[in-house]
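**Student:** let's see this in three dimensions:
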Amino acid sequence: MMSAAILLPAQSASAASFVTISGAGSTWAENAFSTWTTDAAALGMTVNYSPVGSVSGRQDFSDGAADWAVSEVPYGVVDGSISDPPPTRGFTYMPATAGGVALIYNLSIGGTEVTNLRLSGAVIAGIFTNQITNWDAPQIAADNPGLSLPNEQIVPVVRTDGTGATWPFTQWLSATQASSWTAYCTVVGRNPCTPTSAYPVAPNSSMIGESGDLGVAGYVKQAVGTIGYTEYSYAQQTGFPVAKVLNAAGYYTAPTPDNIGVSLLSAQVNTDNSENLSPVYADADPRTYELSYYSYMIVPTDLTTPMTTAKGDTLGAFGSYLLCQGQQLANPLGYAALPADLVQDGFTQLLKIPGNQVGTVIATDLQNCSNPTLSNGADILASTAPMPASCDQQGSTQCIATTTALTASPNPVIAGEVATLTATVAAGDGSTPAGTVQFGVGSSDIGAPATVNAAGVATTTVTFAAVGTESLSAVFVPAAGASYAVSEATLSLVVSVGTAGAIPVGVTVPATGSLTVTVSSSAISLGVPGTTPPLTATGTLNTVTVTDTRNTAPGWSVSAQDTAFASPAGSTAIPGDDLGWAPSGTVAGGATLGPAVLPGASPGLADAAQLLASAAPGLGVGTDTLSAALTLFIPATVAPGPYSSTLTITYLLTGP
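**Tutor:** Predicted coordinates for the structure are as follows:
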């Protein structure tokens, strides 16, 4: 949580003037908006966000059920024969969250995982239109001269449920690989042949359609030879390798925050304020990652219900925070901080909100903006973002993959205390990479680049005078002539207040409050779309409500464990671990959701109770509404018929 002051004009200096505002939309941007709304609460604003998906978010804004919305897709686009007309209420688009479509894969050579796969646009299009079907195809070999790829079938895994990642992916295919996309539209009967939010699966092909990031990632994790796409933030959180993509400058680049930010410097704004990514695809900067895009906040420009000038004041203040201070947390969350041109456009759109108290001199707002891509109001990405290594250039050489991990000790650190930052760099071939690490905080470098030693480690020290959360980075740059890839890592460092001394003051407070956990016991019915194996079933966990009003160091955890899916006919059961989940919901008082459990993972939901959500002692006061997206992989050998399992919800109490 950031402790710096938000950029607010004099008219809104009192937090008491803020009113509650509510938004809905993108699930891709959920992690960012969850963090930002929490920060906004500390700054005196009550901002609610419901991650119901871009389509539902746009509809909620149109219907007046939301004050604002978040979407990767604008109104008015044509998705095949489906159109989404703009609302009657006035609106505009404000850039909010930048990211990239990442290509995750599961590929091995002689039992060793491949982590440095490179793909050109033509090859990506060939794979996802079923024109290139084997990993040892000559087109893939031309992209990867350093790899002897196996003679294995390619299994593309796509999202068929409608997602923000599918739209920019197919938009890019349509714009840069038009012949392949047009031919594929003919195969799947798609007319008109437009980009889409739900990827069409060709019949009688190896392509697999899945629902949700969990479904795509779970399938890719289980099956060697698979390749899928997802938002880079999700790929980063789950630790999947991502393919580097050939850009217009002839370099293969990864969707790092720097590359995404540099790419979006070329993005243009259409006359309706939606994004135009065509210049990104043709940008000759060697750092460009072509599959970069950003989500919008859809904000009102008139006082159509439910908008009021008081809400406009709060929305303007929240937007100002988001464009500047909030972007400091984007990179560690797996997104990319918005670059200067999009920040400037964002302030222009904020001025259109009725009742806003945003300063009318945008240059002054930018000058005071703490976005890490800016310094004194000017862009610094173009000069500070690292160039790709020479071995990333298209040709007869290929970089050895590297990974960089960043730690800080101590973390948290006391303001004024020295913290040691340690970057550990590893190479995919087991060697020790030669090069340097540039440590950074926000938009500034920490000293000169530090040399990586014989153990693959580089260190530096840093001291912070102010309390808050600092966004740290470490970028590994290979030595001149070395065939190692650039890699980077990010970290949030908490700077806290030290204690000089303590004087005891005592009081006895009686224990109050209680903890209750309720869950609907109605049966969950998992749906199985399609009849072509392998089959996947999906559903939603019944709502679990946790209400904690205790004042005695509250804390709790809620978990679930399932049994095997048995058939009354006595057929072979479906293993309980083939059920995975992605916890979701609204948490309060510092409670956190548990991690996703991939279908088929070990330990899985059947091996042990898996965490749905928890609150550490001292946290968790309030009401939490919990759920989870359920995904069940059904083995091809399982006989038809009804199967049932029992999912047991348990909870542990902390404190009386």
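
**Student:** could you use CA atoms for every contact and neighbour count after this?
**Tutor:** Fine.

**Student:** ok, longest strand in the protein?
**Tutor:** strand 91-106 (DSSP state E).

**Student:** off-centre distance for it?
**Tutor:** Distance, stretch centre to chain centre, for strand 91-106: 8 Å (Cα atoms, centre = their mean, to the nearest Å).

**Student:** same question, stretch 202-221
**Tutor:** 19 Å.

**Student:** again with stretch 415-422
**Tutor:** Using Cα atoms, centre = their mean, the offset of stretch 415-422 from its chain centre is 29 Å.

**Student:** residues touching it, excluding its own?
**Tutor:** 406-411, 413, 457-467, 495-498 (Cα atoms under 8 Å, 6 or more residues apart in numbering).

**Student:** just stretch 257-267 next, same as before
**Tutor:** By Cα under 8 Å, 6+ apart, stretch 257-267 touches 98-100, 253, 275-280, 283, 287-290, 292-293, 331, 334-342, 381-382, 385-386.

**Student:** got a quick ChimeraX command for the buried subset of these?
**Tutor:** Entered in ChimeraX, the line below selects the buried ones among the contacts of stretch 257-267, by 16 or more other Cα atoms under 10 Å:
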select :98,99,100,253,275,277,278,280,283,287,288,289,290,292,293,331,334,335,336,337,338,339,340,341,342,381,382,385,386
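
**Student:** mind checking which of the contacts of stretch 257-267 land in helices?
**Tutor:** 278, 279, 280, 340, 341, 342, 381, 382 (DSSP state H).

**Student:** separation between the fifth one and residue 284?
**Tutor:** Residue 341 sits 18 Å away from residue 284, taking Cα to Cα, to the nearest Å as the criterion.

**Student:** what residues sit buried inside stretch 225-242?
**Tutor:** Buried, per 16+ other Cα under 10 Å, within stretch 225-242: 225-236, 240-242.

**Student:** whichever strand or helix holds residue 628 pairs with which strands?
**Tutor:** Here residue 628 sits within strand 622-634, counting by DSSP states H and E. Using DSSP bridges, the strands paired with strand 622-634 are strand 535-540 (antiparallel), strand 544-548 (antiparallel), strand 579-586 (antiparallel).

**Student:** turn those into TSV, columns for mean neighbour count.
**Tutor:** TSV is the format used below for those (neighbours: other Cα atoms under 10 Å):
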stretch	mean neighbour count
strand 535-540	19
strand 544-548	20
strand 579-586	23
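
**Student:** and the ones you listed: which comes nearest residue 368?
**Tutor:** Among these, strand 579-586 comes nearest to residue 368, with 32.9 Å by Cα to Cα.

**Student:** show the average pLDDT along the closest one.
**Tutor:** For strand 579-586, the mean per-residue pLDDT is 91.

**Student:** and the following helix or strand past it, what does it pack onto?
**Tutor:** Going down the chain from strand 579-586, the next helix or strand is strand 592-593, by DSSP H and E. For strand 592-593, the elements it packs on are strand 579-586, strand 610-615, judged by 3 or more Cα pairs under 8 Å, 6 or more residues apart in numbering; DSSP states H and E.

**Student:** and the shortest one, average pLDDT?
**Tutor:** Model confidence over strand 610-615, given as mean pLDDT, is 93.

**Student:** could you tell me the angle between it and strand 622-634?
**Tutor:** 170 degrees (axes from the mean of the first three to the mean of the last three Cα atoms, to 10 degrees).

**Student:** which residues touch strand 610-615?
**Tutor:** So strand 610-615 is contacted by 554-561, 583, 590-595, 604, 620, 626-628 (Cα under 8 Å, 6+ apart).

**Student:** same check, this time on the longest one
**Tutor:** Among residues not part of strand 579-586, those counted as contacts by Cα under 8 Å, 6+ apart are 214, 593-601, 604-605, 612-613, 624-633.

**Student:** would you map the strands across the stretch 1-150 of the chain?
**Tutor:** 21-25, 47-50, 68-71, 78-79, 82-83, 91-106, 108-109, 112-113, 118-119 (DSSP state E, counting those that start in this stretch).

**Student:** tell me the most buried of those strands?
**Tutor:** strand 68-71 (a mean of 30; mean count of other Cα atoms under 10 Å).
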